[in-house]
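S.K.: Sequence first, then the predicted structure, then my questions.
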Protein chains: 2
Amino acid sequence: MVFVWYCGGMEQNRPVISRRNRPAKPPLTREGIVAKGLEILAAEGLSGLSLRRVATALDTGPASLYVYLPNLGALHAEMLDAALSAVTAPAVGPWRERLKAVLWRYMMVLIERPGLAPLALGTLASGPNSLRIWEMLLGLLQEGGVDAKSAAWGVDLLILYVTAIAAEQSLRSGGDLGPVEAALAQLSPTVYPLIFAARALLLSGGEERGHWALNVIIDGLVGPPDPGRTA
Amino acid sequence: MVFVWYCGGMEQNRPVISRRNRPAKPPLTREGIVAKGLEILAAEGLSGLSLRRVATALDTGPASLYVYLPNLGALHAEMLDAALSAVTAPAVGPWRERLKAVLWRYMMVLIERPGLAPLALGTLASGPNSLRIWEMLLGLLQEGGVDAKSAAWGVDLLILYVTAIAAEQSLRSGGDLGPVEAALAQLSPTVYPLIFAARALLLSGGEERGHWALNVIIDGLVGPPDPGRTA
DNA sequence: ACCTGAACACCGTTCAAGT
DNA sequence: ACCTGAACACCGTTCAAGT
């Protein structure tokens, strides 16, 4: 009994909670550690997330987390899977639209939480939500008549692709674009005429660019939506 | 004169080199630091690469590297760009084949050096070789009749995509696939019937899978190679 | 049994002090 | 002017020792 333990030796019988003027330290759980990790990630980004930081926030030492997690990678994997619980499929609509909606949602979940996309790039997800999404995507591709091999390899590819786009997007929205902008600004129009001509387009496009990219991969995997397009 | 400095106070006039039985410490240069970084990356992977490790290998302290590089990220960027010097375009052939060849070469450069692919995922490349490859790819897409916006966004996408595939490949070839294989092995066929049915295919495919993935993205971007495919 | 303090072996980066 | 020793403020992980 943690409560009694903390009360031990005290003279009054008022609850410890009000005496100390803050809630008693809650017991450590795997879920609590993961939730705190996501909290810190949202507040401070990937570089601010460390086992020690999480431990401090939970009012304990770093060694205590190893009772619940084998290493930092496992924490990352659990955080990613927890965040992916928000990825759901629309119930109705053409399969192609539902496929796009799932991938878009996946991308948005990674983009909305700062730091989650770069974390996802370095993490092999195999938790329940990842599996659920894999099952969903396999079903949608199958519904679209994609053959078994293309579907299996395709799901892997789609998730990889969406994760990479999200990670790049978060590079773009962070201030880390400086070197690229600098390189583009002082670019020689004679040495690199094509890049020079395209320099405005290269940096353009926000949400539209994400939709465009998603359509490119889906077109490649299952063919264009309506008749055929001119090659 | 470093040489004289090291000779100072010695009685004999035999060269220091043979006296010490190893070459005199060469002066630090940016290129030397980058080359040593690539050497360490090849030998020990990304986790073995650190500024301190490079400094030690160059027989100096970590602070000395800051005379030539502003930070670790800059070292990563220079290493990536140096490795990309091996990416060249075939002189002849249909533009689609040349495009594929460049992307394949890019992917292979990242895959062949252990650790370079994950390094590339977290690095914004803007060195001369990156620019050269951008220029090359823009030219090839233009030759294929791709419109300006699709070409600009497409080059970004192609490089991102190829980098991500390489990074995943190096996860696959490393021993890090364990958790995924374990999850697949003890998968419930009733909860996840589609994944269960596809479990062999999911892990299959080596080089063939890379070629397939490259064709998917090119098809999506520029359309299928010959007539049209059935949607 | 469950938890953790303290240590180990590292990091990137800075800056005052060296030659 | 160019270089660097030593320090600063961190890491992930382990394990003997605590209750």
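M.R.: The structure has been received and is ready for your questions.
S.K.: Name the residues of stretch A:140-160 that are buried.
M.R.: A:140-142, A:144, A:146, A:150-160 (16 or more other Cβ atoms under 10 Å in any protein chain shown). No exception for glycine: its C-beta is placed from N, CA and C like everyone else's.
S.K.: Was I right to think A:Gly139 contacts B:Leu194?
M.R.: Yes: using Cβ atoms under 8 Å, A:Gly139 is in contact with B:Leu194, at 5.7 Å.
S.K.: now the longest helix seen in chain A against helix B:148-173, angle please.
M.R.: In chain A, taking DSSP state H as the definition, the longest helix is helix A:148-173. Relative orientation of helix A:148-173 versus helix B:148-173 (axes from the mean of the first three to the mean of the last three Cα atoms, to 10 degrees): 110 degrees.
S.K.: Helix A:148-173: how far from the chain's middle?
M.R.: 11 Å (Cα atoms, centre = their mean, to the nearest Å).
S.K.: Show residues contacting the next helix-or-strand element following that helix.
M.R.: Next helix or strand after helix A:148-173 toward the C-terminus (DSSP states H and E): helix A:178-185. For helix A:178-185, contacts defined as Cβ atoms under 8 Å, 6 or more residues apart in numbering or on different chains pick out A:195, A:199, A:202-203, B:77, B:124, B:126, B:131.
S.K.: Please work out the average pLDDT along helix A:178-185.
M.R.: Throughout helix A:178-185, pLDDT has a mean value of 78.
S.K.: What residues sit buried inside it?
M.R.: Buried residues in helix A:178-185, counted by 16+ other Cβ under 10 Å: A:179-180, A:183-184.
S.K.: Also stretch A:190-204?
M.R.: Using 16+ other Cβ under 10 Å as the test for burial, stretch A:190-204 gives A:192, A:194-195, A:198-199, A:202.
S.K.: just stretch A:83-98 next, same as before
M.R.: For stretch A:83-98, the neighbour count (16+ other Cβ under 10 Å) marks A:83-84, A:87, A:89, A:96, A:98 as buried.
S.K.: Can you give me the end-to-end span of stretch A:74-91?
M.R.: End-to-end distance of stretch A:74-91 (Cα to Cα, to the nearest Å): 32 Å.
S.K.: Break down chain A into its helices, ranges please.
M.R.: Here chain A has its helices, by DSSP H, at A:2-7, A:16-20, A:30-44, A:51-57, A:62-65, A:72-83, A:95-112, A:116-121, A:128-143, A:148-173, A:178-185, A:193-203, A:207-222.
S.K.: Next, count neighbours for A:Ala167.
M.R.: Residue crowding around A:Ala167 was assessed by other Cβ atoms under 10 Å in any protein chain shown; the count is 23.
S.K.: what's near enough to touch A:Leu221?
M.R.: By Cβ under 8 Å, 6+ apart, the contact list for A:Leu221 reads A:141, A:146, A:150, A:154, A:157-158, B:216, B:220.
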